[in-house]
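In: Compute the structure for the input listed below.
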Amino acid sequence: MKYLSFLIKPASSLCNMRCKYCFYYDISELREIKSYGIMQEEVYQKLIDRSLSYQNEKTFVSYAFQGGEPTMAGLSFFKNFCGYVDSKKQPNQEVSWDIFRWI
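Out: Numbers count the residues shown, from 1 in each chain. Purely as a prediction, here's the structure:
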């Protein structure tokens, strides 16, 4: 069985919480482009297509979303992401989902 795990930052450095322990806010301030915005559909579709490309093997794929505040991507992002996974996954593939928030 193949085990694949992806840590996805769907909202780049978009976050309005400014937690004292957040290292990412300081790092994003130093970048030439502070935020790349919300992950585009074509990007996450490529990630999903590649992660589910093991069609002849039993595969477990974990998608974990993090990064300051991943829910800044919006509910429609997650509905579309999960819907695309559901439309592409094969019967021999298992998928798990996680959202990490650091509060």
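In: Could you find the closest non-adjacent residue to residue 73?
Out: Once flanking residues are discounted, residue 73 sits nearest to residue 10: 4.0 Å by CB to CB, 6 or more residues apart in numbering. Where you see a C-beta, it was placed from the backbone N, CA and C, and this is true even at glycine.
In: I figured that neighbour was touching residue 39, is that so?
Out: Yes. The pair residue 10 and residue 39 passes the contact test of CB atoms under 8 Å, sitting 4.6 Å apart.
In: one step back: that's a helix at the residue nearest to residue 73, yeah?
Out: No. Counting by DSSP: H, G, I helix; E, B strand; the rest coil, residue 10 is located in no helix; its state is coil.
In: For residue 78, see how far away it is.
Out: Distance, residue 10 to residue 78, by CB to CB, to the nearest Å: 8 Å.
In: ok, back up a step: list residues touching both of residue 10 and residue 39?
Out: Taking CB atoms under 8 Å, 6 or more residues apart in numbering as the contact rule, residue 10 and residue 39 both touch 73, 77.
In: between those two, who's got more neighbours?
Out: Regarding residue 10 and residue 39, a neighbour count based on other CB atoms under 10 Å identifies residue 10 as having more, with 22 against 18.
In: For the more buried one, give me its contacts.
Out: Counting by CB under 8 Å, 6+ apart, residue 10 makes contact with 38, 39, 44, 65, 67, 70, 73, 77, 81.
In: Sort out which residues of the longest helix seen in the chain are buried, please.
Out: As assigned by DSSP state H, the longest helix anywhere in the chain is helix 75-88. Residues of helix 75-88 classed as buried by neighbour count (16 or more other CB atoms under 10 Å): 77, 78, 81, 84, 85, 88.
In: rewinding a little: between the contacts of residue 10, which sits nearest residue 58?
Out: Distance to residue 58, by CB to CB, is smallest for residue 81 among the contacts of residue 10, at 22.6 Å.
In: In a markdown table, list the contacts of residue 10 along with distance to residue 56, pLDDT and secondary structure.
Out: Shown next, in a markdown table, are those (distance: CB to CB, whole Å; pLDDT from 0 to 100; DSSP: H, G, I helix; E, B strand; the rest coil):
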| residue | distance to residue 56 | pLDDT | secondary structure |
| --- | --- | --- | --- |
| 38 | 34 | 91 | coil |
| 39 | 29 | 94 | coil |
| 44 | 24 | 97 | helix |
| 65 | 28 | 93 | strand |
| 67 | 33 | 69 | coil |
| 70 | 32 | 86 | helix |
| 73 | 32 | 91 | helix |
| 77 | 30 | 95 | helix |
| 81 | 24 | 97 | helix |
